[in-house]
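Chemist: Fold the following for me, if possible:
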Amino acid sequence: MADLAVTSSPGSVRLPPGIWAVPPLLVLGALFFYPLSLILRQALFGDEGAFSLAHFGEVVGSRLFLDGLYHTLVIAVSATAGCLLLGFVLSLVIAFVPFPGAKLVGRLIDTFIALPTFLVALAFTFIYGSSGLLNESLMRLLDLSLPPVDFLYSQWGVILSEITVYTPFVMRPLLAAFSLVEASQIEVASSLGAKPMRIVRQIILPAALPALIAGGSLCLLLTVNEFGIVLFIGAKDVITLPLLIYDKAIQEFDYTTACIIAVVNVALSLGLYSLYRVAVAHLAGSRAGLV
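Modeler: A predicted model of the protein is given here:
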C-alpha cells in the first residue's frame, strides 16, 4: 500500500503549534486563576483597595490562626500515618494471604473513594456517638448513667474518620506495587528459612516504598484540605484552616481575613501537591525499572 502524505495547499494558513494551548488556558483562567486572583487581591488590598501586609501579618500571627494551623497539621499528619499503617497491613493481607473473596474485599474497600467523606462521620455517630450502638450497649451492660465513650466529638474522632475515608487512597498504589512482586522471591526466601517479618522487611517493603510515598503524599494533601468531616463531627475546640475560612467568611462576613487564611491554605496545598507529584514520578520510575 502506498504511503499517504498530507500536504497543505499553497493558500492554506498554518497555525502556530502553541495556538492550541490558548482555549484550555482561557478556560482555566476563567474558572480557576481569576477566582484565585480575586482572593489574593482581597487578602493583600482589603476592602480599602490599598496594598498592605500589616493585616496579613496580624492574621498569620494571631492565636486563632496558629491554633488552626496546628490542628490542621496534627490531624493531617496523624491521619496520614494511620492510613499508611492500616493500608499497608490490609494490602499485605489481600495481596499475599490467600483467602476466598480477596479481590471482592479489595473492590469493596475501593468503593470508599466514591463516597462523600461526611457519610463516614454520619455513620460513626450511630456507632460511637453519645446515643450510638457502642455507648448504648456499654451503658446497659455496665449500668452507667453517662456514655463511657466520648472520643468521637474530639480531635481523635476526626482522625479516625479520616483514616477510614482515605486508607483506600494508600491501598490502591500499594496493591499495584504488590502485584509486581515476584512470588518466586517470596517462595525462595521462605524455603531458606526466612520468617514472614523478614520477608516483609527485605522483599515486600522495598517494593512498596514508592507506593507508600505516593499514597501518603496524596493522603496528606487531602486531609489538610478536609472540611466535611470536621464540620459534621463538630469537634469541640478543633478548628482547622478550612473550617476557619468558613467561619470568617460565612459566619462573620470577614472576607479579608478569610482570604488571607485561604492564601496560606492554598500555598500549603500547592506545596503538598508538588510533593505528591514528585512521589508519583518516583513511583512511575520505579515501576519502569521493574518491567
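
Chemist: longest helix in this protein, by residue count?
Modeler: helix 255-290 (DSSP state H).

Chemist: Show me which positions of it end up buried.
Modeler: Within helix 255-290, the residues scored as buried using 16 or more other C-beta atoms under 10 Å are 255-265, 268, 272, 275-276, 279-280, 283, 286-287. Any C-beta I mention is one placed from the backbone N, CA and C, and that applies to glycine too.

Chemist: tell me the centre residue of this structure?
Modeler: L222 (2.4 Å; C-alpha atoms, centre = their mean).

Chemist: now for the longest helix of the chain, which elements pack on it?
Modeler: Under the contact definition 3 or more C-beta pairs under 8 Å, 6 or more residues apart in numbering; DSSP states H and E, helix 255-290 sits against helix 34-45, helix 54-60, helix 63-96, helix 155-178, helix 205-224, helix 241-246.

Chemist: Can you add distance to A121 and give those helices back as a markdown table?
Modeler: Putting these into a markdown table (distance: least, C-beta to C-beta, whole Å) gives the following:
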| stretch | distance to A121 |
| --- | --- |
| helix 34-45 | 27 |
| helix 54-60 | 29 |
| helix 63-96 | 13 |
| helix 155-178 | 5 |
| helix 205-224 | 14 |
| helix 241-246 | 13 |
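
Chemist: which of these has the lowest average pLDDT?
Modeler: Ranked by mean pLDDT, those bottom out at helix 34-45, with a mean of 84.

Chemist: packing partners for that one?
Modeler: Helix 34-45 packs on helix 255-290, going by 3+ C-beta pairs under 8 Å, 6+ apart.

Chemist: Distance from the chain centre to the helix it packs on, please.
Modeler: From the chain centre to the centre of helix 255-290 is a distance of 10 Å (C-alpha atoms, centre = their mean, to the nearest Å).

Chemist: and that helix, average pLDDT?
Modeler: For helix 255-290, the per-residue pLDDT averages 80.

Chemist: tilt between that helix and helix 205-224?
Modeler: Interaxial angle of helix 255-290 relative to helix 205-224 (axes from the mean of the first three to the mean of the last three C-alpha atoms, to 10 degrees): 160 degrees.

Chemist: secondary structure element for the spatially closest residue to L133 that is not a sequence neighbour?
Modeler: Distance criterion C-beta to C-beta, 6 or more residues apart in numbering; nearest residue to L133, sequence neighbours excluded, is I127 at 5.3 Å. For I127, the host element (DSSP states H and E) is helix 117-128.

Chemist: Send over the helix or strand that comes right after that helix as CSV, restricted to the C-alpha atoms.
Modeler: Per DSSP H and E, the first helix or strand lying C-terminal to helix 117-128 is helix 133-142. The C-alpha coordinates for helix 133-142 follow below in CSV (Å, rounded to 0.1, in the frame of the first residue of the first chain):
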residue,chain,number,x,y,z
LEU,A,133,-24.6,1.5,69.4
LEU,A,134,-21.4,1.2,71.4
ASN,A,135,-22.4,3.6,74.2
GLU,A,136,-25.9,2.2,74.5
SER,A,137,-24.6,-1.3,74.8
LEU,A,138,-22.0,-0.4,77.4
MET,A,139,-24.4,1.7,79.5
ARG,A,140,-26.9,-1.2,79.6
LEU,A,141,-24.2,-3.8,80.3
LEU,A,142,-22.4,-1.8,83.0
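
Chemist: how close does the closest residue to S217 other than its chain neighbours get to P168?
Modeler: Excluding the flanking residues, the one nearest S217 by C-beta to C-beta, 6+ apart is Y276, at 4.0 Å. Taking C-beta to C-beta, to the nearest Å as the measure, Y276 falls 16 Å from P168.

Chemist: Repeat that for G129.
Modeler: In terms of C-beta to C-beta, G129 sits 24 Å off from P168.

Chemist: who's in contact with the residue nearest to the centre of the chain?
Modeler: 166, 169 (C-beta atoms under 8 Å, 6 or more residues apart in numbering).

Chemist: again, but for T167
Modeler: T167 touches 82-83, 86-87, 90, 109, 112, counting by C-beta under 8 Å, 6+ apart.

Chemist: Same question for H55.
Modeler: Counted by C-beta under 8 Å, 6+ apart, H55 has contacts 46, 256-257, 260.

Chemist: so which of those comes closest to P16?
Modeler: I260 (40.4 Å; C-beta to C-beta).

Chemist: Just confirm the closest one contacts A54, I think it does.
Modeler: No: the pair I260 / A54 is not scored as a contact, 11.3 Å apart, by C-beta atoms under 8 Å.

Chemist: any residues in contact with both of the two?
Modeler: By C-beta under 8 Å, 6+ apart, no residue touches both I260 and A54.
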